[in-house]
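A.B. asks: sequence? don't have it. structure:
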């Protein structure tokens, strides 16, 4: 039995324009149904394969603001999201998410700004702009992660050092044990190493499960570390 907060998604392609760029994204264009079976699901693949596009649509269809934040955030700096969310239905489990957060690297500055505007005496600002980029990323995760929450992260490693990525991995693992669910688009070979997580690859034109060692993030990192001198000589010759 699938006990996740969000069990899967369905896409009705009749609601998407026949000339939409979504139909040219191979991994997404043939997708009608996708199931999430584990507390943590990673989306991996080369740039442009549709990871962030799908994650964004799932977030909006789940009630989050397109630029990020909690479900209470309502603002728009630049309306750039696709119509995929309008054709998507989210299948929720029998458990209800008690909290949630949508973190996307590219618009985090805007969310941090809004956080200061939304602050009041009862809800003081965390002062994300007063921290370094990496510190603010980790701080928002540590402030927002709660049991039985739904968390959608788009490249959360973008501002984090390897050490801080390990910290994030531990935070995700602990929160998942307490009933939360994560859907994460990432290129980080560190985060992808989380034991027990499901990895869905967008490479090759279809969304399919893959093992950690099969991800390009792992393979390229391993190749660079083990053959750095030879690889750089070939690349830079």
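C.D. replies: Good, I have the coordinates. Predicted, not measured: the structure shown is a model, and the values here were computed from it. Numbering: from 1, shown residues only.

A.B. asks: need the contact list for the closest residue in space to residue 158 that isn't next to it in sequence.
C.D. replies: Distance criterion CB to CB, 6 or more residues apart in numbering; nearest residue to residue 158, sequence neighbours excluded, is residue 105 at 3.8 Å. The way it works is simple: take the backbone N, C-alpha and C, and place the C-beta from them, glycine included. Residues near residue 105 by CB atoms under 8 Å, 6 or more residues apart in numbering: 137, 154, 155, 156, 158, 159.

A.B. asks: now swap in residue 95 and tell me
C.D. replies: By CB under 8 Å, 6+ apart, residue 95 lies in contact with 3, 5, 148, 179.

A.B. asks: Look up which helix or strand the last one falls in, please.
C.D. replies: Put plainly, it is residue 179. Assigned by DSSP states H and E, residue 179 falls within no helix or strand.

A.B. asks: ok, the nearest residue to it once chain neighbours are set aside to residue 117 distance?
C.D. replies: Nearest non-adjacent residue to residue 179, counting by CB to CB, 6+ apart: residue 148, 4.3 Å away. Taking CB to CB, to the nearest Å as the measure, residue 148 and residue 117 are separated by 28 Å.

A.B. asks: More neighbours: which of those two?
C.D. replies: More neighbours sit around residue 148 than around the other of residue 148 and residue 117, counting by other CB atoms under 10 Å; the figures are 16 against 9.

A.B. asks: so where do the helices sit in this protein?
C.D. replies: 26-29, 51-61, 108-118, 133-144, 162-177, 216-226, 228-236 (DSSP state H).

A.B. asks: mind checking which of those is nearest residue 82?
C.D. replies: Taking CB to CB, helix 51-61 is the member of these nearest to residue 82, at 5.9 Å.
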